[in-house]
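*Asks:* sequence-free structure coming up:
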């Protein structure tokens, strides 16, 4: 049982029936979090609270709840699952963008690490070495783009006689 679930259950020690607003006023839990907490207490196997509108899964602000006096459990400890919040599309895009940026830095670090040890290295040998060091899937074009970025930032340079060979600049 989570802390929020315990707080909501304790509200019913004073009164057997409460509305959503009364529970929110007593617990001071944010509205969306309170809705998820009440869902976890009214739905599923462990129905500790009963809703006025038993048919719907949604919790509304005008809904009333009462403590389920008929609820019993032979176990000393019970486990009540919490309802997980779904990630929105905007949050998923934000997370994916952050992962993409982090991976760019990881690719850069792998290229620099290899070039530090080799000082001079051919492109056709560098790219597979970088891919083998990384723990996530990466395309050859991504590695090539990061190599070009490192050349622009003057971490490495192309060899003047052989354009497919890179020199590490420290």
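*Replies:* Good, I have the coordinates. Note that this is a predicted model, so its numbers are computed, not measured.
*Asks:* Tell me where this structure has strands.
*Replies:* With DSSP state E, the ranges of strands along the chain come out as 17-19, 49-51, 64-67, 120-122, 156-158, 165-168.
*Asks:* Can you say which of the ones you listed is nearest to residue 6?
*Replies:* Residue 6 sits nearest to strand 49-51 of all these, at 12.7 Å, using C-beta to C-beta. All C-beta spots, glycine's among them, are computed from the backbone N, C-alpha and C.
*Asks:* Pairing partners for that closest one, with directions?
*Replies:* Paired with strand 49-51 in the same sheet, following DSSP bridges, are strand 64-67 (antiparallel).
*Asks:* Can you list the buried residues in the partner strand?
*Replies:* Residues 65, 67 are the ones in strand 64-67 that count as buried (16 or more other C-beta atoms under 10 Å).
*Asks:* Low-confidence stretches in this protein?
*Replies:* 54-55, 76, 78-79, 81-87 (pLDDT under 70).
*Asks:* if we go to 50?
*Replies:* For the chain, no stretch has pLDDT under 50.
*Asks:* count of neighbours near residue 144?
*Replies:* Applying other C-beta atoms under 10 Å, we find 14 other residues in the vicinity of residue 144.
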